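**Student:** Sequence and predicted structure below; questions after.
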Amino acid sequence: MMFIHHGPGKSIVKTAVWLSWPIIIAAKRLSNVPVFKWLIHPFFMRPYNEVTSIPINITLPKPDSIALPRRIIERLVADVDEKFIIEECICRSHNKVDFPPQNIGCMALGPAARRIHPSHGRMVSTKEAISHVRRAADAGLIANIAHVWIDPIAFGTRFRDLMFICFCDDKNCIYRTYMKNRGPTLDRAYRRLPGITLSVEKEKCEGCGQCSDNCFLANIIIDNGKAVIGESCAGCGRCVDLCPHGAITLLIEDEETLYLALIEQIKDVSELPLRGSDNSSESVIPD
């Protein structure tokens, strides 16, 4: 009877991930191969596969030192009634790593989240959800707002009123790995949030290559001894954290502009019900 009201349990989903993992990796590696890249196009096209990165682990140089990108995510979870925390990161569990912690899993938002089997985690309050976001930020993880078809299939939920926030690292996450040699379809899967830009201070940059070597999209090059950020930048901010010389700066517009841009992107691909989406200043974030 439980299965009628919920999707598959944790053991079934983990087995499915174990079986599909090599297939997903192969598809990403072959996404730039002629003919094959068009065969996989339907699996990665909008609105069925879109990811937006939010650098929640970066504190901007403002007088009050507020971690503004993190606050954007906190406002989002405060504006959604249904929130389900998945208590184990499936990607890090699959790869059997101890750090980042396996017990910081994804968060599902929206009415469809109620169909996720309770063996995966639990429905939570806004206060609990925000605490989870802050744990992820403290662990150095990046928040990816994902509307991807594989999630509702894996968890047995609807797609239209569902959104995932995945707290990812660059070595284990199925979203962020094997993206350096991606084809055109995968190149469009990540959308940078309007209002987030990254710039390089040439005077500070020493061309060490830390940023270019570790950019998950291979979108930073070293030109004449200086880092240059390309147009496909996802705005995840990882390079800011990695630069040993403090040469890369993340710039954002004001909070309202950034939040409204995120809401518009969510509305563009889903029917996620958002409280206060027409008047974002109504968002209430618990202390």
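**Tutor:** Structure received.

**Student:** show me what contacts Glu87?
**Tutor:** When contacts are counted by Cβ atoms under 8 Å, 6 or more residues apart in numbering, Glu87 touches Asn103, Gly105, His120, Gly121, Arg122. Where C-beta positions appear, they are placed from N, C-alpha and C, glycine not excepted.

**Student:** Now the phi/psi pair for the residue positioned nearest the centre of the chain, please.
**Tutor:** Among the residues of the chain, Asn144 comes closest to the average C-alpha position under Cα atoms, centre = their mean, at 0.9 Å. Per-residue torsions, Asn144: phi -110, psi 120 (degrees, to the nearest 10).

**Student:** hang on, isn't it packed against Val51?
**Tutor:** Yes - Asn144 is within contact range of Val51, at 5.1 Å (criterion: Cβ atoms under 8 Å).

**Student:** Overlap of the contact sets of the two?
**Tutor:** Tyr175.

**Student:** Could you turn the buried ones of the contacts of Glu87 into a PyMOL selection?
**Tutor:** Only the buried members of the contacts of Glu87 end up in this PyMOL selection, burial being decided by 16 or more other Cβ atoms under 10 Å:
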select buried, resi 105+120+121
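
**Student:** nearest to Leu198, of the contacts of Glu87?
**Tutor:** Gly105 (27.8 Å; Cβ to Cβ).

**Student:** So the closest one belongs to a strand, correct?
**Tutor:** No - under DSSP: H, G, I helix; E, B strand; the rest coil, Gly105 sits outside any strand and is assigned coil.

**Student:** Give the closest residue to Ala137 in space, chain neighbours not counted.
**Tutor:** Ile56 (4.4 Å; Cβ to Cβ, 6 or more residues apart in numbering).

**Student:** Regarding Ser232, what is its secondary structure?
**Tutor:** Looking at Ser232 with three-state DSSP, the answer is coil.
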